[in-house]
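Visitor: Give me the fold of what follows.
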Amino acid sequence: MKKFKIVYLASSILAISACSDNASIESVIDQKITSLGLTGDPATGRVLPEITDPKAQLGMKLFYTKGLGGDQDSACVTCHHPSLGGGDDLSLSVGTEAVIPDLLGPGRRHSSATGTHYDGGPTVPRNAPTTFNVGLWDEVLFHDGRVESIDKTVGVNGAGVGGIRTPDSVDSTTADPVAGPNLAAAQSRFPVTSNEEMRGHSYAQTSNAALRTALEARLAGGANTELALNNWQAEFDAVYGASTTITYPLVADAIGEYERSQVFVDSPWKAYVNGDKSALTEDEKRGAVLFFNSIADGGADCASCHSGDFFTDEKFHVVAMPQVGRGKGDTSNGPAGTNDFGRFRETGIAADMYAFRTPSLVNVEVYGPWGHAGGYTSLEAVVRHHSNPQAAIDAYDFNQLEASVQAANMAVNTQSAMDQLKANRTAAVITPILHDSNLTDAEVGQVVAFLKALTDPCVKDRSCLAPWVPNAGDSNPDGLRVLATDNNGNEL
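Guide: Numbering: from 1, shown residues only. Below is the predicted model of the structure:
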């Protein structure tokens with residue numbers, strides 16, 4: 001009996017200690033929430049469309065049609081399917097000239113028989129960013145920010161008051177007059193202009209403007225008979241009014257509304273911020289403390305860049321993520337043409353060499369592979385990289401990549417990025433900047449646990465995502481809808 005009492009007393013003390021420790025951890029988190037002004041909901045105060053809105057419905061049909069592909073073999077959804085995290089679950093995409101156009105995700109291959117510049121690997125040089133929550137970006141889209149609000153001090157629903165700069169702008173400070181009403185619409189004008197993503201090679205020498213004019217004519221029909229089946233006029237009339245002239249700005253507007261309707265922010269973290277302390281596990285709470293605390297305070301200092309309710313500062317930082325794939329044609333110390341200078345390609349500023357946009361971490365669990373080139377295939381590897389980039393690069397596991405991904409020049413190109421990070425650290429003129437936190441294995445696991453607590457369960461539930469995927473009852477205006485399947489023939 002005495003032995004039982006001793007054991008019971010010891011367990012009670014441990015329970016009280018754990019409870020006290022948990023309260024202390026929650027106190028730290030709550031202080032961070034208050035000091036940072038977090039609400040848990042990055043969509044607060046925004047006016048965003050519903051997927052049931054007519055424009056979003058038209059946008060979904062356009063998003064899924066290969067009719068917008070120059071060679072009619074790829075669509076927006078080819079690289080951005082809801083069931084694949086709003087991306088394609090590949091390190092690097094294969095857009096046009098795929099062996100099986102409707103096979104998305106792992107197993108999608110560039111055709112060895114007809115593929116232009118075939119080399120056995122993926123053709124798109126950067127990882128496909130997710131379309132989820134795209135309507136929550138105010139300042140920049142794309143990894144290098146080549147679509148951006150001119151006036152970033154007043155970003156409202158994806159457009160600054162000074163307009164939006166795009167690759168079609170006359171210079172880096174001038175708004176594109178036909179960019180559209182928001183960043184999502186502006187961005188929607190450019191995948192069709194990439195040879196590797198959607199343009200193909202029939203229109204390879206055509207200007208962006210001429211290409212879009214050709215696509216307008218294709219959808220409008222009339223004398224243009226490129227589409228064997230064409231009911232697009234009726235679809236546009238139903239949304240924009242009778243006898244609507246189909247223009248590419250309207251195409252981009254509708255696609256943008258479909259993308260902006262993809263709002264998924266109901267995470268355990270949101271529930272915690274709104275008062276449900278049981279919404280996070282102990283490991284997730286400890287991970288939150290590490291995430292928000294500075295290195296000096298024993299944390300990982302993640303929030304210095306991944307800030308706010310959307311967990312991004314919308315700025316550009318050098319973190320030396322692995323450089324794999326074909327690259328953007330840039331040359332430094334490595335083999336010609338296989339490097340990617342990131343933001344430097346837009347600004348020409350030396351410190352921007354190898355800088356890429358800070359991604360949002362809301363739903364980051366489903367956005368893999370991670371990095372501007374998809375060089376990491378696990379969140380754990382990403383956290384370890386941020387903890388000590390040089391050590392991660394030195395120990396990089398090439399087996400994590402699909403065998404087809406071009407990686408022969410990864411080491412030299414990535415080391416060039418690491419050298420730039422070291423130079424930026426030494427110069428100390430850029431803030432914030434990534435410093436080594438050297439997390440323990442346990443701490444890495446806790447940070448990963450917290451990151452997963454930023455996931456809205458809907459993005460992992462096909463039935464919940466169903467409204468964003470056309471079904472058999474939806475009209476198929478040109479008969480060219482991507483009927484997406486995975487490598488096993490299962491419908492996505």
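
Visitor: Please count neighbours and contacts with C-alpha atoms only from this point.
Guide: OK.

Visitor: Quick check: phi and psi at Val147.
Guide: phi -110, psi 120 (degrees, to the nearest 10).

Visitor: sorry, that was for Asp352
Guide: Comment: the main-chain dihedrals of Asp352 come out as phi -90, psi 0, following degrees, to the nearest 10.

Visitor: ok, how many other residues are close to Ala43?
Guide: 18 (other CA atoms under 10 Å).

Visitor: Repeat that for the one 5 residues further on.
Guide: Other residues near Leu48 come to 15 when the count uses other CA under 10 Å.

Visitor: Next, the contact list for Gly107, please.
Guide: When contacts are counted by CA atoms under 8 Å, 6 or more residues apart in numbering, Gly107 touches 486-487.

Visitor: one more time with 10 Å
Guide: 90, 99-100, 402, 404, 486-488 (CA atoms under 10 Å, 6 or more residues apart in numbering).

Visitor: With Glu216 instead?
Guide: Shown in contact with Glu216 (CA under 10 Å, 6+ apart): 68, 210, 224, 245-251.

Visitor: quick one: which of those is nearest to Ser188?
Guide: Distances from the contacts of Glu216 to Ser188 were compared by CA to CA; the smallest belongs to Val251, at 8.4 Å.

Visitor: From the contact counts, what lies against the strand or helix carrying that closest one?
Guide: Assigned by DSSP states H and E, Val251 belongs to helix 248-260. Packing contacts for helix 248-260, counted by 3 or more CA pairs under 10 Å, 6 or more residues apart in numbering; DSSP states H and E, involve helix 54-64, helix 183-187, helix 208-220, helix 232-240.

Visitor: For my notes, please list the contacts of Glu216 in JSON lines and give pLDDT, distance to Gly479 and neighbour count for each entry.
Guide: Rendered in JSON lines, the data for those read as follows (pLDDT from 0 to 100; distance: CA to CA, whole Å; neighbours: other CA atoms under 10 Å):
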{"residue": "Leu68", "pLDDT": "98", "distance to Gly479": "12", "neighbour count": "26"}
{"residue": "Ala210", "pLDDT": "95", "distance to Gly479": "25", "neighbour count": "12"}
{"residue": "Asn224", "pLDDT": "95", "distance to Gly479": "16", "neighbour count": "13"}
{"residue": "Thr245", "pLDDT": "97", "distance to Gly479": "21", "neighbour count": "14"}
{"residue": "Ile246", "pLDDT": "98", "distance to Gly479": "18", "neighbour count": "21"}
{"residue": "Thr247", "pLDDT": "98", "distance to Gly479": "20", "neighbour count": "16"}
{"residue": "Tyr248", "pLDDT": "98", "distance to Gly479": "20", "neighbour count": "21"}
{"residue": "Pro249", "pLDDT": "97", "distance to Gly479": "23", "neighbour count": "19"}
{"residue": "Leu250", "pLDDT": "98", "distance to Gly479": "20", "neighbour count": "19"}
{"residue": "Val251", "pLDDT": "98", "distance to Gly479": "17", "neighbour count": "24"}
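
Visitor: What segments of the stretch 1-150 of the chain are helices?
Guide: Along the stretch 1-150 of the chain, the segments classed as helices by DSSP state H, counting those that start in this stretch run 2-36, 54-64.

Visitor: where does this structure have its least confident helix or strand?
Guide: The helix or strand of the chain with the poorest confidence is strand 155-156; it has a mean of 51 (mean pLDDT, DSSP states H and E).

Visitor: Domain-wise, how is this protein divided?
Guide: Domain ranges of the chain: 54-262, 268-457, per automatic domain parsing.

Visitor: how near is Pro477 to Val324?
Guide: Relative to Val324, Pro477 is positioned 38 Å away (criterion: CA to CA, to the nearest Å).

Visitor: what do you get for Thr440?
Guide: Applying CA to CA, one obtains 27 Å for the distance of Thr440 from Val324.

Visitor: Please identify which of the two sits among more neighbours.
Guide: With other CA under 10 Å as the criterion, Thr440 and Val324 differ in neighbour count, and Val324 comes out ahead with 28 against 11.

Visitor: what's the helix or strand for that one?
Guide: According to DSSP H and E, Val324 maps onto no helix or strand at all.

Visitor: Hmm, it is touching Asn339, no?
Guide: Yes. If you go by CA atoms under 10 Å, Val324 and Asn339 touch, sitting 8.5 Å apart.

Visitor: Tell me who's in contact with the residue nearest to Val382 when sequence neighbours are not counted.
Guide: Take Val382 and drop its neighbours on the chain: the residue closest to it by CA to CA, 6 or more residues apart in numbering is Tyr376, 6.4 Å away. Contacts were defined as CA under 10 Å, 6+ apart; by that measure Tyr376 touches 91, 321-322, 368-370, 382, 385, 396-398, 400-401.

Visitor: Which single one of those is nearest to Leu280?
Guide: The shortest distance between Leu280 and any of those, using CA to CA, involves Val382 and amounts to 21.7 Å.

Visitor: Distance-wise, check the residue positioned nearest the centre of the chain relative to Pro359.
Guide: Against the mean C-alpha coordinate of the chain, by CA atoms, centre = their mean, the closest residue is Pro129 at 2.7 Å. Relative to Pro359, Pro129 is positioned 9 Å away (CA to CA).
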